[in-house]
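# based on what follows, work out the 3D shape:
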Amino acid sequence: MGFFRRLYNSRLSADRTLASKLNSVLGFTPSHLAVFKVAVSHKSLNAQGKGSKYNNERLEYLGDSVLSTVVAEYLFKKYPKKNEGFLTKMRSKIVKRSTLNMIADNMGLDVILSEYSMGNLSNSMKGNALEALIGAIYIEKGYVGTRDYIIKHILMKHLDVKALEALDDNYKSRLLEWCQKHGKEVEFVLLNKYKFDKRDRFKVAVQVDGKELATAEDYNKKSAEQKASSIALHSVIKV
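Reported below is the predicted structural model:
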């Protein structure tokens with residue numbers, strides 16, 4: 001049944017162009033094409049409105065949970081002698097927004113997203129769409145099939161997991177450690193929250209001993225804090 005549905009989607013469906021593009025990006029033609037169409041439909045960009053039918057947030061939620069579980073299992077087996085702290089940090093590096101944005105970009109998801117969008121695509125939308133697609137793949141293939149797909153086509157193809165071991169990009173944590181070491185007080189201040197491209201955007205400042213050292217903006221408050229911390233560390237404190 002699945003074979004004939006995939007054949008129909010690729011040859012006769014009104015969304016066969018989407019099926020073709022999904023095949024080029026994901027490596028297979030979905031049986032549940034309607035689910036994948038929702039996965040690439042962002043609520044703030046979709047030309048057909050904000051209703052749940054064209055909103056990928058539910059699939060994003062599902063994909064986020066599945067991805068986190070798969071990565072946790074993958075790391076648990078890959079590093080049998082590492083402790084919980086190491087595994088947690090490695091999982092955080094893999095599933096964080098900037099990593100997912102990079103993977104989505106490498107996979108070419110922007111080609112598909114642009115077909116169902118109004119306005120400019122942000123990097124975070126690409127990462128969100130990747131999570132939504134993982135949610136759609138879970139519906140299509142179940143846990144085992146999705147786990148195997150993530151490991152083979154995402155982790156092994158688009159990530160250098162070994163290089164991530166030495167990467168310390170938690171700038172906020174490093175800034176807090178530096179301030180503690182030097183007896184300084186650090187504070188993260190939300191300067192502004194506003195709408196941009198129909199989405200919430202946050203502007204955050206880093207203050208050390210009451211002096212503003214850096215500011216940064218992003219669509220996520222934590223990401224803005226990380227960016228501001230990076231600026232403070234590398235441009236001002238020069239750690």
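
# let's verify Glu187: helix, strand, or coil?
strand (DSSP: H, G, I helix; E, B strand; the rest coil).

# and what of Gly127?
Gly127 - assigned by three-state DSSP - is helix.

# next, the residue lying farthest from the centre of the chain: phi, psi?
In the chain, the greatest distance from the average C-alpha position (CA atoms, centre = their mean) is reached by Gly183, at 35.4 Å. Phi and psi for Gly183, reported as degrees, to the nearest 10, are phi 70, psi 40.

# distance check, it against Gly210.
According to CB to CB, to the nearest Å, Gly183 and Gly210 sit 14 Å apart. Every residue, glycine included, has its C-beta placed from N, CA and C.

# Thr88: neighbouring residues, count only.
Neighbour count of Thr88, defined by other CB atoms under 10 Å: 12.

# gap between it and Gly135?
From Thr88 to Gly135 the distance is 23 Å (CB to CB).

# what sits against Asp209?
184-185 (CB atoms under 8 Å, 6 or more residues apart in numbering).

# any idea how far Leu175 is from it?
13 Å.

# with Val38 instead?
The value you get for Val38 to Leu175, if CB to CB is used, is 39 Å.

# okay, the two: which has more neighbours?
Leu175 (27 against 21).

# what's in contact with the one helix or strand that one maps to?
Using DSSP states H and E, Leu175 falls within helix 171-181. Here helix 171-181 makes contact (CB under 8 Å, 6+ apart) with 168, 184-186, 188, 206, 208, 225-227, 229-230, 232-233, 237, 239.

# now with 10 Å, please.
Under the criterion CB atoms under 10 Å, 6 or more residues apart in numbering, residues 89, 168, 170, 184-188, 206, 208-209, 213-214, 222, 225-234, 237, 239 lie in contact with helix 171-181.

# what's the answer for stretch 186-194, then?
172, 175-176, 178-180, 200-210, 212-213, 215-217, 221-222, 224-225, 228-229, 232.

# go again using 6 Å as the cut-off
Residues outside stretch 186-194 that contact it (CB atoms under 6 Å, 6 or more residues apart in numbering): 179, 201-205, 207-208, 225.

# name the nearest of the residues you listed relative to Lys162.
Comparing the contacts of stretch 186-194 against Lys162 with CB to CB places Glu225 closest, at 27.9 Å.

# for this protein, what spans make up the helices?
Ranges of helices in the chain, per DSSP state H, are 2-11, 16-26, 33-39, 57-78, 84-95, 97-107, 109-113, 123-149, 156-158, 161-166, 171-181, 221-231.

# among those, which comes closest to Phe196?
Closest to Phe196 of the helices of the chain, according to CB to CB: helix 123-149, at 11.6 Å.

# relative to Lys221, how far out is Thr146?
Taking CB to CB, one finds Thr146 at 30 Å from Lys221.

# more crowded one of those two?
Applying other CB under 10 Å to Thr146 and Lys221 shows that Thr146 carries more neighbours, namely 22 against 16.

# how many neighbours does the residue nearest to the more buried one when sequence neighbours are not counted have?
For Thr146, ignoring the flanking residues on the chain, the nearest one in space by CB to CB, 6 or more residues apart in numbering is Tyr138 at 4.6 Å. Residue neighbour count, defined by other CB under 10 Å, stands at 23 for Tyr138.

# Tyr138 contacts Leu67, correct?
No. Tyr138 lies out of contact with Leu67 (CB atoms under 6 Å); the separation is 9.3 Å.
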